[in-house]
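Peer 1: sequence below, structure please.
(chains A and B)
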Amino acid sequence: MKDDNFFELFGLKVQFEINGADLTARYRALQSQIHPDKYTNAAEKERLLSVHKAALVNEAYQVLKTPLPRAKYMLSLHGILLDEQQSTTLMAPDFLMEQMELREALSEIQHADSPIKLLDDIFSKIESKKNQLISDIALKLSKESKKEYEAAADKVRQLQFFIKLQEEARQIESQLDL
Amino acid sequence: MALLQISEPGQSTTPHQRRFAAGIDLGTTNSLVATVRNGKAETLADESKKELLPSVVRYLSNGEIQTGEKALSHSIEDPKNTIISSKRIIGRSTKELIQTDKNHTNEFSHTETGTAKILTVAGEISPIEVASEILKNLKNRAEKTLGDELSGVVITVPAYFDDAQRQATKDAATLANLKVFRLLNEPTAAAIAYGLDAESEGAIVVYDFGGGTFDVSILQLNKGVFEVLATAGDTQLGGDDLDLLIANWITKKLDIQFELDKSTLRYIYNKAKYAKEKLTQENKVAIDLDIDQAFKGTIILTRNKFNEIVEPLVKKTISPCRQAIRDANINKTEIKNVVMVGGSTRIPLVRQLVTDFFEQQIHVDIDPDKVVALGAAIQADILAGNKPDSDMLLLDVNPLSLGIETMGGLVEKIISRNTTLPVARAQEFTTFKEGQTALAIHVVQGERELVDDCRSLARFELHGIPPMVAGAAKIRVTFQIDADGLLNVSARETISGVESQITVKPSYGLESDEIENMLRSSIKHAAEDLGMRKLREQQVAAKRELEAIEAALLEDADTHLNAEERTKIDAAVDQLRACMEDSDSAIIKKAIKNVEQVASFYVERRMNKNIQQALTGHNVNDINI
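Peer 2: All right, here's what the predicted structure looks like:
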């Protein structure tokens, strides 16, 4: 077992497509073996090691279970590090235009007559864009070429924008609840 | 302590010996101890058949320390030396106590490390010492009932407790000479008590409205695995506050023109508490009062009036419920169970508001005062190793974000709220001056952007950085939070490989020499020798180490060790066994360290095998979620 590769830690091949239920089952099987609670009567060294391993398994699970960190992690394995600060300069103009329109729609919601309906529309638009991007990323990451990885990185940057937008929409939704 | 049993090499010492373990609910108002006997969890009563131990400690000038009912009965005549609701001040600074003034009847002093200490006739007392007195009382009760020493305990803490408060609770246990298997979140304990781990799946809400704290947690259950999805609450809101509202109402009603002294305030407060409890069963209550020079007579409080007075406070518990649902990222409809915990959930208005908000029936069958202790007892029994077949696994989350101070008093988050524990995150730091050999780091906990709005957890300095040009040194600092929610920090200069020394100065906890000093002074009273205690601790540690390694060798020595390796480990084990009866604790300690060192590669191999084993036979087909 190698510590430095999350996929291998979970006994998986390095690939973007992951079965969520299988991943969760593997995670629980691992934790039920190595969690510190299983080592209350063990020697001190063994307990410390179990804390260390359990922390590693937790981190790996967090990274692998969600598409965005998983994609970023895979890219990092291929030597591509994404920095959030740089991302705006590299975005295509029509993508940025689309983002601006969505943001504008979002900012007008609170004063709209039927805010719930409008918000639902925005949510479903974001969701379908996200799904499209995720399947694009999956495709590009499955092709083992530097050029495709770079293209995947572009899509990952776009995905980050939509995720941020989704968070903002959720915040607005929770304010509507009150 | 039971005599050590020496067995032949390769044979495990008494493999099926049952270990006594207990669950302790260290509550704000009352504390309890419970254990599993004949397969059933039950709370243990004291000699006068009382199960609830009031969390009250009184210090006398002659050095005597009273706990429980005895201390409570003097709370009116001697408020200054009697500490009630000490859980509210554990792990807190004097400054924080003044900010959240709750009509504390005690007086506090500042200390160098910022921890609040209580001024009593017996000197300055730390809230940790107060908690340890409660724990000692419960420990004695359990050991008397069970007829043997406790091998360890599970102590419950509010899910909302931060690192300082958890650390302080653990320190209190150390002072009481208790081994802590685990600090368990109260809501998780309650869910275990209701046996919800046996139930299939779904989200569980635990609404815990106790004497001094309110918290709400959302747990997710799946095949014996509990995950805490989210917690929210208010560590400064509880039944005590309702009492205070009623007490204020009484005072106002009596129209007293002069300032009341502390004993009269406590007297009225106790009357208010009585009225609140009566009103859970009845529609009105008569409050008899006899206050010197002010009032003698009876006033009536109806349930409707009571509801009207307390409703704003009770409603304050609903918005954390909403927040927890949001944080857990679930819909209300996914909630399958709502568990009620804490004495305040006996109040009909509380039950009504909670039922209305969650739109479903709520669990109130188990005594809301005992439910947490019962759950802790079940968990303690498992962690003691009495149920080897149990596959229950508790996964908890970090209750508050952990961060470090950066330029301009801003917080940089390192481990965010609700991250599954244990967790380890590394952060790289560098020097900003040429030849700099030390670095100061300030760790805080909280959700706010500014350091001043968060809780200061620890300040420490890294020393021994090799002198280099500015920015050349790369110092990797690892922040680890263990399963109990406690922070550990380690650091390494990655270019030179120099291990830096870290001195963690807890902002509100105890320094380890402070613990030692307290032990020293408490031992003076107990007429027990510190050396004896140290020796005994090492003997217990040695016994643990031997049991652990012998059990491991018996299980899989053949798989992992060649003859040469086995001989080496056996030699170290024999050496440890030979010196166990030694009267020098240092020799035993050295022998334990030696076993640890010689066997470390074996421990690693076993752990990796466990990981491999966990993954065999797992594919999509055998999972039916």
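
Peer 1: count of neighbours near B:Asp365?
Peer 2: A count of nearby residues for B:Asp365, using other Cβ atoms under 10 Å in any protein chain shown, gives 9. (Glycine included, C-beta is placed from N, CA and C.)

Peer 1: which residues touch it?
Peer 2: Contact analysis of B:Asp365 by Cβ atoms under 8 Å, 6 or more residues apart in numbering or on different chains lists B:Tyr194.

Peer 1: is it true that it lies in a helix?
Peer 2: No. Read with DSSP: H, G, I helix; E, B strand; the rest coil, B:Asp365 is coil and lies in no helix.

Peer 1: quick check: phi and psi on it?
Peer 2: When read as degrees, to the nearest 10, the backbone of B:Asp365 gives phi -70, psi -40.

Peer 1: distance check, it against chain A.
Peer 2: Distance, B:Asp365 to chain A, by Cβ to the nearest Cβ, to the nearest Å: 27 Å.

Peer 1: same deal with B:Ala377?
Peer 2: Distance, B:Ala377 to chain A, by Cβ to the nearest Cβ: 15 Å.

Peer 1: could you dump stretch B:338-354 to CSV, C-alpha only?
Peer 2: The C-alpha trace of stretch B:338-354 is given here as CSV (Å, rounded to 0.1, in the frame of the first residue of the first chain):
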residue,chain,number,x,y,z
VAL,B,338,-35.9,13.2,16.7
VAL,B,339,-34.4,12.3,20.1
MET,B,340,-35.0,14.5,23.1
VAL,B,341,-32.2,14.9,25.7
GLY,B,342,-31.8,17.0,28.8
GLY,B,343,-34.1,17.9,31.7
SER,B,344,-35.5,21.0,29.9
THR,B,345,-37.2,18.8,27.3
ARG,B,346,-39.7,17.8,30.0
ILE,B,347,-41.2,21.3,29.5
PRO,B,348,-44.4,20.8,27.5
LEU,B,349,-43.8,24.0,25.5
VAL,B,350,-40.4,22.8,24.4
ARG,B,351,-41.8,19.5,23.2
GLN,B,352,-44.6,21.3,21.4
LEU,B,353,-42.2,23.7,19.6
VAL,B,354,-39.9,20.9,18.6
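
Peer 1: low-confidence stretches in chain A?
Peer 2: Filtered on pLDDT under 70, chain A yields the residue ranges A:1-4, A:83-90, A:177-178.

Peer 1: top helix in it by residue count?
Peer 2: Taking DSSP state H as the criterion, chain A has its longest helix at helix A:146-177.

Peer 1: which parts of that one are buried?
Peer 2: The neighbour-count check on helix A:146-177 (16 or more other Cβ atoms under 10 Å in any protein chain shown) flags A:149, A:151-163, A:165-166, A:169, A:172-173 as buried.

Peer 1: and what about the residue nearest to B:Gly233 when sequence neighbours are not counted, helix, strand or coil?
Peer 2: Closest residue to B:Gly233 apart from its sequence neighbours, by Cβ to Cβ, 6 or more residues apart in numbering or on different chains: B:Asp215 at 3.0 Å. Secondary structure, three-state DSSP: B:Asp215 is strand.

Peer 1: same question, B:Ala470
Peer 2: Taking three-state DSSP as the rule, one finds B:Ala470 in the coil state.

Peer 1: the nearest residue to it once chain neighbours are set aside and chain A, how far apart?
Peer 2: Distance criterion Cβ to Cβ, 6+ apart; nearest residue to B:Ala470, sequence neighbours excluded, is B:Glu434 at 5.1 Å. B:Glu434 sits at a distance of 28 Å from chain A (criterion: Cβ to the nearest Cβ).

Peer 1: shouldn't B:Glu133 be in contact with B:Lys70?
Peer 2: No. Counting by Cβ atoms under 8 Å, B:Glu133 sits too far from B:Lys70 to count as a contact (11.7 Å).

Peer 1: neighbour count for these two, which is higher?
Peer 2: B:Glu133 (25 against 12).

Peer 1: domain ranges for chain B?
Peer 2: Domain ranges of chain B: B:3-237+B:316-395, B:239-313, B:402-524, B:527-615, per automatic domain parsing.

Peer 1: is A:Ala105 in contact with A:Leu118, as I believe?
Peer 2: Yes. Using Cβ under 8 Å, A:Ala105 is in contact with A:Leu118, at 7.2 Å.

Peer 1: could you identify the helix or strand that succeeds the host helix or strand of B:Asp570?
Peer 2: For B:Asp570, the enclosing helix or strand under DSSP states H and E is helix B:563-579. Heading C-terminal from helix B:563-579, the first helix or strand you meet, by DSSP H and E, is helix B:585-598.

Peer 1: after that following helix, which helix or strand is next?
Peer 2: That would be, after helix B:585-598 and using DSSP H and E, helix B:600-615.

Peer 1: other SSEs contacting that following helix?
Peer 2: Applying 3 or more Cβ pairs under 8 Å, 6 or more residues apart in numbering or on different chains; DSSP states H and E, one finds that helix B:600-615 contacts helix A:20-34, helix A:44-65, helix B:530-560, helix B:563-579.

Peer 1: any idea how far chain B is from the most centrally placed residue in chain A?
Peer 2: Geometric centre of chain A, nearest residue: A:Leu68, 2.5 Å, by Cα atoms, centre = their mean. Distance, A:Leu68 to chain B, using Cβ to the nearest Cβ: 15 Å.

Peer 1: ok, and for stretch B:449-466, which residues are buried?
Peer 2: Of the residues in stretch B:449-466, B:451, B:454-460, B:462, B:465 count as buried by neighbour count, 16+ other Cβ under 10 Å.

Peer 1: give the rounded mean pLDDT of stretch B:286-298.
Peer 2: For stretch B:286-298, mean pLDDT is 85.

Peer 1: ok, stretch B:129-139 next?
Peer 2: Averaged over stretch B:129-139, pLDDT sits at 96.

Peer 1: strands of the stretch 1-150 of chain B, start to end?
Peer 2: Under the criterion DSSP state E, counting those that start in this stretch, the stretch 1-150 of chain B contains strands at B:21-25, B:30-37, B:40-43, B:53-54, B:57-59, B:65-67, B:82-83, B:108-109, B:117-120, B:123-125.

Peer 1: for those strands, which one ends up most surrounded?
Peer 2: Highest mean neighbour count of these: strand B:21-25, a mean of 31 (counted as mean count of other Cβ atoms under 10 Å in any protein chain shown).

Peer 1: and that strand, what does it pack onto?
Peer 2: Strand B:21-25 packs on strand B:30-37, helix B:127-146, strand B:152-157, helix B:186-193, helix B:371-383, going by 3+ Cβ pairs under 8 Å, 6+ apart.

Peer 1: is it true that A:Leu82 touches A:Leu75?
Peer 2: Yes. The pair A:Leu82 / A:Leu75 is scored as a contact, 6.6 Å apart, by Cβ under 8 Å.

Peer 1: the helix holding B:Asp570: which residues count as buried?
Peer 2: If you call a residue buried by 16+ other Cβ under 10 Å, then helix B:563-579 has these buried ones: B:565-566, B:569-570, B:572-573, B:576-577, B:579.

Peer 1: check stretch B:268-286 too.
Peer 2: Judged by neighbour count (16+ other Cβ under 10 Å), stretch B:268-286 contains these buried residues: B:268-269, B:271-273, B:275-280, B:285.

Peer 1: closest one of the residues you listed to chain A?
Peer 2: Nearest to chain A among the buried residues of stretch B:268-286 is B:Lys276, at 30.0 Å by Cβ to the nearest Cβ.

Peer 1: and the stretch 301-450 of chain B, which residues reach chain A?
Peer 2: B:322, B:326, B:383-385, B:391, B:393-395, B:419-424 (Cβ under 8 Å from any Cβ of the partner chain).

Peer 1: what subset of these is buried?
Peer 2: Applying 16+ other Cβ under 10 Å to these flags B:322, B:326, B:383-385, B:393-395, B:419-424 as buried.
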